[in-house]
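S.K.: here is a sequence with its predicted model. Questions after.
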Amino acid sequence: MKILQVSDQKMGGQAGYNVFAEALANGATVFGLATGSTPISIYDVITASDLDFSNAVSINLDEYKGLPGTHEQSYRYFMNEHLFNKKPFKESYVPDGMADAATETARYERIINDNPIDLQILGLGQNGHIGFNEPGTPFDSLTHEVTLTQSTIDANARFFADENDVPRYAYSMGIGSIMKAKQILLVAYGENKADAVAAMIEGPVTEDMPASVLQRHPNVTVIVDAAAAAKLTNREEIVPFV
Ligand SMILES: N[C@@H]1[C@@H](O)[C@H](O)[C@@H](COP(=O)(O)O)O[C@@H]1O
């Protein structure tokens, strides 16, 4: 794993943009994208740039079950607002939260197989989840319906008027689907991610800590700020991004 430490999220946006732009320059045509507050600064730099990815395809990690793409808290809406409406891909796939679970998860996994992901961007849950793969999710899981944990519901409640409005289920790429990507960029900021960052990089590889599976992937870059990196003990592995 390559670990880049940035001074703040703005620098993280630049560092993440560099990884995206380099992949594109090297011929990447399929980008796996993430939602959450973490990747926003990367999308800001991408949309302000003159990068041309109008012939590339994007595939998002996950979507809340039961929210239509027009709902302001749906991940489709988020992606439209932060990236797709400003700079479109040739095609952008996000799971359809209104579709039947069995049909939609099978359809989505077929999309991933038909469009192998060159670069997958990931955020990190406070409990170490990637996509919506909560602790205990099998490492060989494919796109599936997820029951969100209380910790994830609590973390996401800030975006909804009422905690009871937070969906309890989601469709998510599985850990096996994510690990098929040729390259992975995981980004984490803030002290509330520090435990998960340390466990992901230095802890045992276990399904109890979904992101620890990345230790088995051959091409992973991690972007962290000082707060998220605070609990790493092998400090010499950390490369400052300036
Ligand atoms: N499904 C998303 C994840 O993909 C994201 O990584 C996580 C962290 O979000 P944030 O970046 O806002 O901390 O939130 C949600 O659970």
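M.R.: Cool, the structure landed. Numbering: from 1, shown residues only.

S.K.: the longest helix seen in the chain - what's its average pLDDT?
M.R.: Ordering each helix of the chain by length in residues (DSSP state H) puts helix 9-25 first. For helix 9-25, the mean per-residue pLDDT is 98.

S.K.: what's the offset of that helix from the middle of its chain?
M.R.: Offset of helix 9-25 from its chain centre (CA atoms, centre = their mean, to the nearest Å): 14 Å.

S.K.: and the protein, which of its residues are near the ligand?
M.R.: 34-38, 61-62, 123-125, 131-132, 152 (CB under 6 Å from any ligand atom). (Glycine included, C-beta is placed from N, CA and C.)

S.K.: now, which of those sits nearest Leu232?
M.R.: Using CB to CB, Leu124 comes nearest to Leu232 of the residues of the chain next to the ligand, at 13.5 Å.

S.K.: right, and the closest one touches Ile130 too?
M.R.: Yes - shown here, Leu124 and Ile130 form a contact pair, counting by CB atoms under 8 Å, at 6.6 Å.

S.K.: the more surrounded of those two?
M.R.: Higher neighbour count among Leu124 and Ile130: Ile130, with 29 against 25, using other CB atoms under 10 Å.

S.K.: hey, what's the more buried one bridged with?
M.R.: Ile130 has these beta-bridge partners by DSSP bridges: Asn133.

S.K.: for Ala198, give me the pLDDT.
M.R.: At Ala198, the model reports a pLDDT of 98.

S.K.: which residues touch it?
M.R.: Under the criterion of CB atoms under 8 Å, 6 or more residues apart in numbering, the neighbours of Ala198 are 231-233.

S.K.: list only buried entries from the residues you listed.
M.R.: Buried members of the contacts of Ala198, counted by 16 or more other CB atoms under 10 Å: 231-232.

S.K.: give me the common contacts of Leu124 and Ile130.
M.R.: 186, 211.

S.K.: next, the angle from the helix or strand hosting Val187 to helix 9-25.
M.R.: In the assignment (DSSP states H and E), Val187 maps to strand 183-188. Angle of strand 183-188 versus helix 9-25, following axes from the mean of the first three to the mean of the last three CA atoms, to 10 degrees, is 170 degrees.

S.K.: for the helix or strand following strand 183-188, which positions count as buried?
M.R.: Later in the chain than strand 183-188, the nearest helix or strand by DSSP H and E is helix 194-202. For helix 194-202, burial by neighbour count (16+ other CB under 10 Å) applies to 194-201.

S.K.: mind picking out the helix or strand in this structure with the poorest mean pLDDT?
M.R.: In the chain, no helix or strand scores lower on mean pLDDT, DSSP states H and E than helix 150-156, which sits at a mean of 89.

S.K.: from the chain's centre, how far out does it sit?
M.R.: The answer for helix 150-156 is 16 Å, by CA atoms, centre = their mean.

S.K.: which of the three states applies to Cys218?
M.R.: If you look again at residue 218, you'll see it is Pro, not Cys. Per DSSP: H, G, I helix; E, B strand; the rest coil, the local secondary structure of Pro218 is coil.

S.K.: give me the neighbour count for it.
M.R.: Applying other CB under 10 Å, I find that Pro218 has 8 neighbouring residues.

S.K.: how near is it to Leu67?
M.R.: Pro218 sits 35 Å away from Leu67, going by CB to CB, to the nearest Å.
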